[in-house]
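> pasting a predicted model and its sequence here:
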Amino acid sequence: MTNPVQPKPRRCPICSNLVGDDAYRPFCSRRCADVDLGRWLTGSYAIPGTEGDDEADAPAATVATDDDLLPH
Ligand SMILES: [Zn+2]
């Protein structure tokens, strides 16, 4: 991987401001980092019906099937 270092100004993916503080890369500030985290949590983790519901419905059927398929 040849990656020549270029002094290219980074822009915050949230507000498009120039990123000045490396502490919050790739964001310009902690606020924007928090915004992105919030989007992540609500967008990726909050998939309806994934948490709890799925497991509450499945276990009996899954266990029975697995037992049937196992050689005795
Ligand atoms: Zn920002």
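Sure, I can see it. Numbers count the residues shown, from 1 in each chain.
> quick check, P26 in contact with L18.
No - with contact taken as Cβ atoms under 8 Å, P26 and L18 are classed as non-touching, separated by 11.5 Å. C-beta: built from backbone N, CA, C; applies to glycine.
> need the overlap of contacts for the two.
Counting by Cβ atoms under 8 Å, 6 or more residues apart in numbering, the shared contacts of P26 and L18 are 10, 12.
> three-state assignment of G20?
Under DSSP: H, G, I helix; E, B strand; the rest coil, G20 falls in the coil class.
> what about it, how many neighbours?
By other Cβ atoms under 10 Å, 12 other residues sit near G20.
> next up, the contacts around it.
C28.
> what's the answer for L18, then?
Taking Cβ under 8 Å, 6+ apart as the contact definition, L18 lies against 9-12, 28.
> for it, give the beta-bridge partners.
Per DSSP bridges, residues listed as beta-bridge partners of L18: R11.
> give me the buried positions along stretch 12-32.
12, 14, 19, 24, 27-29, 32 (16 or more other Cβ atoms under 10 Å).
> just to revisit the earlier point, could the contacts of L18 go into a markdown table alongside pLDDT?
Below are those laid out as a markdown table (pLDDT from 0 to 100):
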| residue | pLDDT |
| --- | --- |
| P9 | 81 |
| R10 | 87 |
| R11 | 93 |
| C12 | 95 |
| C28 | 95 |
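> contacting the ion as well, which ones from those residues?
Among these, the ones lying close to the ion by the criterion of Cβ under 5 Å from the ion are 12, 28.
> R39: which of the contacts of L18 is nearest?
Comparing the contacts of L18 against R39 with Cβ to Cβ places C12 closest, at 13.4 Å.
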